[in-house]
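[1] Attaching a predicted model along with its sequence, questions to come.
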Amino acid sequence: MTPTKLDYPVDRHGLIRRDLTVEAGFSDHDLAHSVKTKQLIRLTSGVYRARIDVDPEDRTAVAEAEIEAFRLKSLAIATGRDHGGNTALSHTSAAIVHGLPLLKPELEMVHLTNGEIGGGRARKNSLLHASDLPAGDVVKVNGVWITSLARTAADVAQLAPAHDPLAFSQAMTVFDAALRAGVDRDELAAQLDRRRRRGTRVAKAALPWADRRAESVGESWGRAQMIQRGLPAPELQVEYHVGGETHRVDGDWERKLVWEFDGRGKYQRYLADGETPADAYWREKKREDALRSLGVFVVRTYWDLMERGRAVDPIERALFHLGLC
């Protein structure tokens with residue numbers, strides 16, 4: 001993910017602001033030309049970001065670029081106008097600024113909360129939510145007020161209506177991430193008890209299953225699909241010792257069945273020095289063979305299968321075959 005190289009100054013958030021560019025000797029014509037040639041993307045009045053160049057075939061890089069673009073858009077809108085009240089970035093926008101991984105986030109509208117009983121409204125690029133903001137629910141990050149990790153996770157978990165097929169998975173994903181970031185489970189429960197919203201029931205159902213040991217969105221989504229199917233949840237990040245090596249697996253059932261999630265870029269982006277994707281694939285195959293040498297059954301799931309709701313099928317068959325459910 002490579003921003004287009006420009007000589008414009010950027011602020012602490014990575015934003016290009018008109019007042020800073022003018023101070024540096026650039027003109028409005030320069031900015032207009034950069035926008036016309038798509039080197040700059042206008043985010044709000046007088047605030048821009050550089051174009052982000054990525055390989056369109058690298059889906060992980062594309063997703064990361066979209067997240068970064070939304071982060072900058074959220075910060076541009078949060079700092080670009082007076083919203084009144086005790087306004088803070090919230091919901092998906094706050095989650096992105098906090099660095100909380102999310103499952104299929106909606107990245108069009110920037111979310112803010114006004115800290116008041118009324119006054120919520122929608123604008124072209126933003127949603128201003130009307131809700132109280134107790135002192136403990138807001139923090140300042142690089143000079144910008146945003147909702148706290150616990151408040152943000154609860155808000156995101158309650159965003160989707162109960163009938164949304166992804167609501168449970170989205171809630172569990174953000175709760176996994178919040179726990180991993182150090183939020184206490186009781187604090188999340190207190191946030192859900194404090195406000196009754198359309199997604200509260202689903203969020204409360206997801207919270208007990210959340211686990212800080214989940215290391216990726218894929219692991220969270222996979223577990224959520226297992227739970228919704230009525231299958232026993234795996235123990236996470238279990239270690240196996242074989243041949244003088246330690247292998248840590250994504251999920252495990254009684255050391256009889258191992259679950260591994262293969263992410264989108266596993267064989268392309270996370271390579272050891274000097275490795276090719278083929279080398280990484282061969283390394284993973286040898287690791288799997290080592291586990292199978294212990295008599296362990298190994299099942300892999302893939303993002304594309306989860307998209308189609310089919311990732312749990314082989315896990316369910318294996319669990320029944322091994323007498324684990």
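    Looks like it came in fine.

[2] what ranges do the helices span in the stretch 51-200 of the chain?
    59-80, 91-98, 149-157, 167-180, 185-194, 200-206 (DSSP state H, counting those that start in this stretch).

[3] got CSV for those, with mean pLDDT, mean neighbour count and distance to P105 too?
    No exception for glycine: its C-beta is placed from N, CA and C like everyone else's. Output for the helices of the stretch 51-200 of the chain, formatted as CSV (pLDDT from 0 to 100; neighbours: other Cβ atoms under 10 Å; distance: least, Cβ to Cβ, whole Å):
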stretch, mean pLDDT, mean neighbour count, distance to P105
helix 59-80, 93, 20, 8
helix 91-98, 98, 26, 5
helix 149-157, 98, 28, 8
helix 167-180, 98, 26, 8
helix 185-194, 96, 16, 18
helix 200-206, 96, 20, 16
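
[4] Make JSON lines from those helices and add distance to T301 to it.
    What follows is those, written out as JSON lines (distance: least, Cβ to Cβ, whole Å):
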{"stretch": "helix 59-80", "distance to T301": "17"}
{"stretch": "helix 91-98", "distance to T301": "25"}
{"stretch": "helix 149-157", "distance to T301": "23"}
{"stretch": "helix 167-180", "distance to T301": "14"}
{"stretch": "helix 185-194", "distance to T301": "26"}
{"stretch": "helix 200-206", "distance to T301": "19"}
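
[5] So for D313, which of these sits nearest?
    Proximity of those to D313 was assessed by Cβ to Cβ; the nearest stretch is helix 167-180, lying at 16.6 Å.

[6] May I have the closest one as CSV, with CA atoms only?
    Taking Å, rounded to 0.1, in the frame of the first residue of the first chain, the C-alpha atoms of helix 167-180 are listed here in CSV:
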residue,chain,number,x,y,z
ALA,A,167,-24.8,-9.4,12.8
PHE,A,168,-23.6,-12.1,15.2
SER,A,169,-20.3,-12.6,13.4
GLN,A,170,-19.7,-8.8,13.2
ALA,A,171,-20.4,-8.5,17.0
MET,A,172,-18.1,-11.4,17.9
THR,A,173,-15.3,-10.0,15.6
VAL,A,174,-15.2,-6.6,17.3
PHE,A,175,-15.5,-8.1,20.8
ASP,A,176,-12.6,-10.5,20.0
ALA,A,177,-10.6,-7.5,18.9
ALA,A,178,-11.5,-5.4,21.9
LEU,A,179,-10.6,-8.1,24.4
ARG,A,180,-7.3,-8.6,22.5
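
[7] what angle separates it from helix 185-194?
    140 degrees (axes from the mean of the first three to the mean of the last three Cα atoms, to 10 degrees).

[8] relative to helix 91-98, how tilted is helix 167-180?
    Our comparison of helix 167-180 with helix 91-98, counting by the same axes, to 10 degrees, yields an angle of 30 degrees.

[9] now helix 167-180: how far from the chain's centre is it?
    9 Å (Cα atoms, centre = their mean, to the nearest Å).

[10] among the helices of the stretch 51-200 of the chain, which is nearest Q39?
    Distances from Q39 to each of the helices of the stretch 51-200 of the chain were compared using Cβ to Cβ; the shortest belongs to helix 59-80, at 14.2 Å.
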